[in-house]
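Asks: just a sequence and a predicted model for now, questions to come.
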Amino acid sequence: MFSKLHSAHLYDIGDCSISIPKKHFLPEKFNPQKRYRLNPIQWEALKNHVSTLVNSKILIKQETKFISNYVIVQSPGKEDRFAIDLRAINSATVRDSYPTRTVQEIFQEIKGSTCMTSIDATKAFLSLRIDPSDYQYYGVFTPYGTYCYTRMPFGDVNAMAAWQRVYDTIAYESQAPVLSYADDMLIINKNNDIHEHLSDVIKFCKTASKHGLKFNVDKCKFAQKEITVLGWITDGNIKKPGKKLTHAMSNRKLPSTVRELKGFLASAGFFREAVKNFTARATPLLDCVRILKKGKIELDDTQQSSFYDIVNALTSSEILTLPDFTKEFHVYTDASSTHIGAVIAQIHNNILKPIRYYSKKFPYVKQAKSSNLLELQAMALTLMKNSDILSTALIHLYCDNATAIALLKESVDPRFNRYISYIKMFNVKIRKIQSTKNVVADELSRKTEIIEDILTNSPEVFIAETSYLPDSKSIIQDQKNAGITSNTPGTTVVNDIIMKIIIKNKKKDLVPYLSHLSAENSSKLIHIEYAHPGIKKTLELVKKQFYADNLKDIVTKLVKSCEICLKTKPSKHIHPEYKAINIPEKPFTEISIDYFQVVAKSDKVSVLNIVDTTSRLWVPEIVSEESSKEVLKTLKAAFYTYGFPTSIKADNQTCFRSPETMLSLKKLGIDIVFNTAKHHQGNSLVERSFSTLRKMLRAAYLENNQSLSETDFIRENIKKIAFIYNNTNHDTTGISPFEHVFGRSGKPKMLEKILNPDYSLSFDINDLVKSWPELSKKAHEKRQNINVKLPNAGIKPLNDMEVGDIIARKQTPDSKLAALYGPNLTVKKIEYPYIYASNSDATKGRFHKIHIHDIKIIKKGGVTCSCQSDEKILKALT
């Protein structure tokens, strides 16, 4: 039907009858090029190429002073092709302002299409005739002298605009639903009507034939439900990187030159919206290109990890949903001092699906920015840079910074107002989300989650909590990218996964062998999940899950650079020798109890803490008041769950010593032993746990960055923090309290899921009971061994301390910024290694019993200590 449309050969390009504008050229800005040198083989190839163009009447013999060079473009597995270096001509050409479509606009038009046809125009730009007066601007050096183009060459700055004019003319005349980007044309149908679609194709082909265009039929695809457009595969509802890209990326070798690296970044950058945090992932490679302009390169470990990370992200990228402008958008943002990350999503069939990822790297950091400013920047830039889909829509904008949300309503700071004005240009509803729940911006690239009643049950979006440690498929891909093979010493293979063999205490264990980058990411997730423990505890938790080279260095760097840890981890408290108490063999034979209280403004929350002496299992219960009635009520609930103990240790609080409490416990056959608070050899088990518990609670609170007060946060999350604490290994027992009591970990390890996807969290009660005596014995021995190594073990008495001296008592600080010593006290009595002191103006009440390690002499008998005395005391203490 349309035989004239079919190109007989590569340069059978037809003759377009639609004219294009004349070139607006500025001769004074033209900088003439020198002729490029070619070797004999290249010279011969150029002769053949020029002859073909002359025979096709694309080139004519004409002298001109505006001459460009041919360059040879080499492609692996393909014939070399010639292009023209038109940079000098383009720099002197006034740009055509005719609008052309963007890739994003093309896909927005495609949304909802059920039938698509792609048309490939043969040498689209060369089919456009240029005005004879413009021939002079397209001169080229050839083996036969100077020749000029009569058609629009590829590479001209206005070629896209010229083709868009031709396409718009044909589309208007044919009245067919046609889209065009460069020389790719797409005819779509949204009515699911194949006959209507084929009719539109015929109308378009008639109009194109009328105007002298020709098509490369071999590359045309007719009436397809799924089609590749501009490198993306789409079915009208979704898009994902095409097979050519994923295949090319899978087989891509490490770049060895700056030019190859730039080519890789350009290819990957075109598909960046399908990759979460693309900028952050590519930063090491971008820095390399910025520093080294050209020449050979050898990527270091960090840059190689970045390369493989991007390759892996593109080859296993998330399927993106095309935007539906009749629905609301959900935008999640996050920011750091160097990067912005965001995801734009919509809900389809009650499932939150990503539409586009956005990321940006700040070019430099002139000074430290507040977290509030960074969050506002992230929100504003995400909205502005994605205004093509967000400008007219209702947007639910999620942020985990409560202060930043408040600033949107009442800020008068000009630093903030700039970004607030940008945000208010959009129709947005700001929603608070917990940072631990804000996994959409960070994790949505890995999976989509069903969101039930997203806007009715809660003002926040909660993605189901899960362990984000890598699964089997991810580990296999990670090991492949990192070059980890079964030939690595000390490894074995289980279910196609390379395992590291770990031998500890004559026991063999297997853990997956991860790359440096994957180990960093997984360690960070574990560190956050367990409420930011220190280096030692984090390393223990990590070693249970996986192995990586230099794992200790990875964890050390992670913890030392963690902002939450810097805020919550107290100064190192070097305590004196603890009494190695006898540990009952059976859990919940002996327990320790005590209160701690958190006050926030006019609100306070009291927590009664029960700690099992044997396993160190922590059972916290929030109580309405610190009374005998609440103590008994809480203890009975614990007894009915864990069993009745034979003895309880407590301090001298009134509610513990009351006749009602003591009589009730006596009826139950339970002894109660009272000790002074912070007594190193008394109820210290529960007291010592408080510093860890408070740190975990504060770390979790800061991590969540709640709009809730700290007291409300504790009310809602105390059980979760207890679970984390109870699943962290204890120093003396060597296992977690949960495992000590129940014979298993509270959560399955990565290895258990790999070996058995149907892993059951069960245990053998007989084996468990048999293990208790040995665990108690080992814990007692370990305590004795640790005591010998303590810096203050065997501390000598302070011979010059006397009754009446003024001292300061060492506190357990909440952070490195907190004061190490508390208010001044007066010494009332000395009984080595303790002193008894009280407030200077106190006339009644019990004395404070303080270990000599925990004091600092301020005045001797009311006289300030001299430097010599200070040095003597400090020497004795250290």
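Replies: Sure, I can see it.
Asks: check the burial of the residue nearest to residue 150 when sequence neighbours are not counted by counting its neighbours.
Replies: Leaving aside its sequence neighbours, residue 150 sits nearest to residue 60 (C-beta to C-beta, 6 or more residues apart in numbering; 5.8 Å). Where you see a C-beta, it was placed from the backbone N, CA and C, and this is true even at glycine. Using other C-beta atoms under 10 Å, the number of residues around residue 60 comes to 13.
Asks: try residue 286
Replies: Residues lying near residue 286 (other C-beta under 10 Å) number 16.
Asks: in the helix or strand that contains it, what counts as buried?
Replies: Secondary structure from DSSP states H and E places residue 286 in helix 278-291. Using 16 or more other C-beta atoms under 10 Å as the test for burial, helix 278-291 gives 278, 279, 280, 281, 282, 283, 284, 285, 286, 288, 289.
Asks: now, which of those residues sits nearest residue 565?
Replies: residue 280 (21.2 Å; C-beta to C-beta).
Asks: any idea how far the closest one lies from residue 516?
Replies: With distances taken as C-beta to C-beta, to the nearest Å, residue 280 is found 16 Å from residue 516.
Asks: next structured bit after the helix or strand encompassing residue 522?
Replies: Remark: residue 522 resides in helix 516-529, with elements defined by DSSP H and E. The helix or strand immediately downstream of helix 516-529 is helix 535-545, counting by DSSP H and E.
Asks: which helices and strands does that next one pack with?
Replies: strand 507-512, helix 516-529, helix 551-560 (3 or more C-beta pairs under 8 Å, 6 or more residues apart in numbering; DSSP states H and E).
Asks: indicate which one of the ones you listed is closest to residue 248.
Replies: helix 516-529 (22.0 Å).
Asks: what are the buried residues along the helix or strand following the helix holding residue 286?
Replies: The first helix or strand that comes after helix 278-291 along the chain, using DSSP H and E, is helix 301-315. Residues 303-315 are the ones in helix 301-315 that count as buried (16+ other C-beta under 10 Å).
Asks: which element follows helix 301-315 toward the C-terminus?
Replies: By DSSP H and E, the next helix or strand past helix 301-315 is strand 320-321.
Asks: pLDDT on that next one, on average?
Replies: Strand 320-321 shows a mean pLDDT of 86.
Asks: ok, residues contacting the helix holding residue 286?
Replies: For helix 278-291, the surrounding residues in contact (C-beta atoms under 8 Å, 6 or more residues apart in numbering) are 258, 261-262, 264-265, 268-269, 272, 275, 297, 299, 302-303, 305-307, 309-310, 313, 338-341, 357, 359-361.
Asks: what's the pLDDT at residue 854?
Replies: Residue 854 is given a pLDDT of 77.
Asks: circling back: just the buried residues of helix 301-315 now: which is nearest residue 394?
Replies: Ranked by distance to residue 394 (C-beta to C-beta), those are led by residue 313 at 30.4 Å.
Asks: which residues touch that closest one?
Replies: 275, 276, 278, 281, 445.
Asks: ok, residue 125 next?
Replies: Residue 125 neighbours (C-beta under 8 Å, 6+ apart): 151, 152, 153, 154, 156, 159, 162, 163, 183.
Asks: my guess is the fifth one is in a helix, correct?
Replies: No - counting by DSSP: H, G, I helix; E, B strand; the rest coil, residue 156 is not found in a helix; it is coil.
Asks: am I right that it is in contact with residue 86?
Replies: Yes - taking contacts as C-beta atoms under 8 Å, residue 156 lies within contact range of residue 86: 5.9 Å.
Asks: quick one: contacts for residue 74?
Replies: Contacts of residue 74 (C-beta under 8 Å, 6+ apart): residue 80.
Asks: distance check, it against residue 259.
Replies: Plainly put, residue 74 is 12 Å away from residue 259 if you go by C-beta to C-beta.
Asks: now do residue 14
Replies: From residue 14 over to residue 259 (counting by C-beta to C-beta), the distance is 36 Å.
Asks: try residue 479
Replies: Taken as C-beta to C-beta, the span from residue 479 to residue 259 is 30 Å.
Asks: now residue 725
Replies: Counting by C-beta to C-beta, the gap between residue 725 and residue 259 amounts to 54 Å.
Asks: pretty sure residue 824 is in a strand, no?
Replies: Yes - applying three-state DSSP, one finds residue 824 inside a strand.
Asks: what's around it, how many residues?
Replies: Counted with other C-beta under 10 Å, residues neighbouring residue 824 total 15.
Asks: likewise the one 3 residues further on?
Replies: By other C-beta under 10 Å, 21 other residues sit near residue 827.
Asks: kindly report the same for the one 4 residues further on.
Replies: Counted by other C-beta under 10 Å, the residues lying close to residue 831 total 8.
Asks: how about residue 179?
Replies: Residue 179 has 22 neighbours, counted by other C-beta under 10 Å.
Asks: for the closest residue in space to it that isn't next to it in sequence, helix, strand, or coil?
Replies: Using C-beta to C-beta, 6+ apart and skipping the chain neighbours, the partner closest in space to residue 179 is residue 186 (4.5 Å). Following three-state DSSP, the label given to residue 186 is strand.
Asks: rewinding a little: which of the helices and strands packed on helix 535-545 is buried the deepest?
Replies: Stretch with highest mean neighbour count among the helices and strands packed on helix 535-545: helix 516-529 (a mean of 21; mean count of other C-beta atoms under 10 Å).
Asks: tell me how far that one is from the chain's mean position?
Replies: Taking C-alpha atoms, centre = their mean, to the nearest Å, one finds helix 516-529 lying 10 Å from the centre of the chain it belongs to.
Asks: angle of it against helix 535-545?
Replies: Computed with axes from the mean of the first three to the mean of the last three C-alpha atoms, to 10 degrees, the direction of helix 516-529 lies at 120 degrees from that of helix 535-545.
Asks: quick one: residue 8 is in a helix?
Replies: No - going by three-state DSSP, the assignment for residue 8 is coil, not a helix.
Asks: count of neighbours near it?
Replies: Residues within reach of residue 8, counting by other C-beta under 10 Å, total 8.
Asks: give the contact list for residue 424.
Replies: residue 408.
Asks: how does this protein divide into domains?
Replies: Following the TED database, the chain resolves into domains at 3-234, 239-316, 323-441, 472-568, 590-754, 797-877.
Asks: for the stretch 201-350 of the chain, give me the ranges with low pLDDT.
Replies: Residue ranges of the stretch 201-350 of the chain with pLDDT under 70: 317-318.
Asks: secondary structure class for the nearest residue to residue 855 once chain neighbours are set aside?
Replies: Excluding the flanking residues, the one nearest residue 855 by C-beta to C-beta, 6+ apart is residue 807, at 4.6 Å. On the three-state scheme (three-state DSSP), residue 807 is labelled strand.
Asks: partner residues bridging residue 807?
Replies: With DSSP bridges as the criterion, residue 807 is bridged to residue 825, residue 857.
Asks: tell me the confidence at it?
Replies: 84.
Asks: for it, give its distance to residue 852.
Replies: To residue 852, residue 807 is 10 Å away according to C-beta to C-beta.
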